[in-house]
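Engineer: Let's see this in three dimensions:
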Amino acid sequence: MPAAEGDRDYLVGLHPRLAPVFEDMLAQGRAEGIPIVDPLSGRLLQTLVAALKPRLVVEVGTAIGFSTLWMATVLPEGGRIQTIDPDRKRTERARTFWRRAGVEERIEVINEPGLTALSRLEVGIDFAFVDALKTEYAGYLELLLPRMRPGGVIAADNLLWSGRVAAGLEDENTAALRAFNQRFVTDPRLHATIVPVGDGIGIGVMRNP
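Structural biologist: Numbers count the residues shown, from 1 in each chain. A predicted model of the protein is given here:
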């Protein structure tokens, strides 16, 4: 077994077992091929939100609400998540899981395309998480940056794209992610890096003006 896979198995086993609602979401997502974050990525998001105590989280890409739930469980009193996804069928399904976990009131769903919804948001986002159309990542970033507060954090998933980015593949999604990664880690408005957790998570902190 490759060391990296062994490390992943070790870390999964090290953490407490997932709560039943998380286990059900994970099982359904995997069985149906629904794009959801790796549980280790979910734990990283949860830890970041717990540390930052954001009042406003914006998520681009809801699916069935798995990553949303990781973040919602540790929001501070009065904190809220605006999660964006045009797929009403999936977001209605997500609501059933959030309701079961007791966090539905902390979450607002915006059923619009990501670029449309982000263009209407106001300044003051504390934490943003991007996990939607890969070819639109650069556009999401450009809309988010002027809407983040100083010191706010932008995170983005799938930046390693199951090894395809490093392998130099040139399909549309892989090329878009490779270009985004270069832009993300060199943008002068951010202190940014990519962490090899799950499928690769970028983390960028807004510099002070």
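
Engineer: Can you tell me the element the residue nearest to the spatial centre of the chain falls in?
Structural biologist: Centre of the chain computed as the mean C-alpha position; nearest residue by Cα atoms, centre = their mean is Phe129, 3.8 Å away. Taking DSSP states H and E as the definition, Phe129 sits inside strand 125-130.

Engineer: ok, and what's touching that strand?
Structural biologist: 45, 48-49, 52, 54-61, 67, 71, 137, 140-141, 144, 147-149, 152-157 (Cβ atoms under 8 Å, 6 or more residues apart in numbering). For every residue, glycine as well, the C-beta is placed using N, CA and C.

Engineer: How far away from the center of its chain is the biggest strand by length in the chain?
Structural biologist: Scanning the chain for the longest strand, with DSSP state E as the assignment, gives strand 148-156. Using Cα atoms, centre = their mean, to the nearest Å, the mean C-alpha position of strand 148-156 is found 12 Å from that of the whole chain.

Engineer: tilt between it and strand 125-130?
Structural biologist: With axes from the mean of the first three to the mean of the last three Cα atoms, to 10 degrees defining the directions, strand 148-156 sits at 20 degrees from strand 125-130.

Engineer: how about strand 148-156: buried residues?
Structural biologist: Residues 148, 152-156 are the ones in strand 148-156 that count as buried (16 or more other Cβ atoms under 10 Å).

Engineer: Turn these into a markdown table, columns for pLDDT and distance to Glu112.
Structural biologist: Shown next, in a markdown table, are the buried residues of strand 148-156 (pLDDT from 0 to 100; distance: Cβ to Cβ, whole Å):
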| residue | pLDDT | distance to Glu112 |
| --- | --- | --- |
| Met148 | 98 | 20 |
| Gly152 | 98 | 22 |
| Val153 | 98 | 23 |
| Ile154 | 98 | 20 |
| Ala155 | 98 | 21 |
| Ala156 | 98 | 19 |
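
Engineer: circling back: sort out which residues of the helix or strand following the longest strand of the chain are buried, please.
Structural biologist: Next helix or strand after strand 148-156 toward the C-terminus (DSSP H and E): helix 164-167. Of the residues in helix 164-167, 164-165 count as buried by neighbour count, 16+ other Cβ under 10 Å.

Engineer: Using CSV, write down the CA coordinates of the helix or strand just after helix 164-167.
Structural biologist: The first helix or strand that comes after helix 164-167 along the chain, using DSSP H and E, is helix 172-186. C-alpha atoms of helix 172-186 as CSV (Å, rounded to 0.1, in the frame of the first residue of the first chain):
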residue,chain,number,x,y,z
GLU,A,172,-11.1,21.5,-19.9
ASN,A,173,-11.6,21.1,-16.1
THR,A,174,-7.9,20.1,-15.5
ALA,A,175,-6.6,23.1,-17.5
ALA,A,176,-9.0,25.4,-15.7
LEU,A,177,-7.8,24.2,-12.3
ARG,A,178,-4.1,24.4,-13.2
ALA,A,179,-4.6,28.0,-14.3
PHE,A,180,-6.6,28.8,-11.2
ASN,A,181,-4.0,27.3,-8.9
GLN,A,182,-1.3,29.5,-10.4
ARG,A,183,-3.5,32.5,-10.0
PHE,A,184,-4.6,31.7,-6.5
VAL,A,185,-1.2,31.2,-4.9
THR,A,186,0.3,34.3,-6.6
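
Engineer: next one: helix 172-186 to chain centre, how far?
Structural biologist: For helix 172-186, the distance to the chain centre is 16 Å (Cα atoms, centre = their mean).
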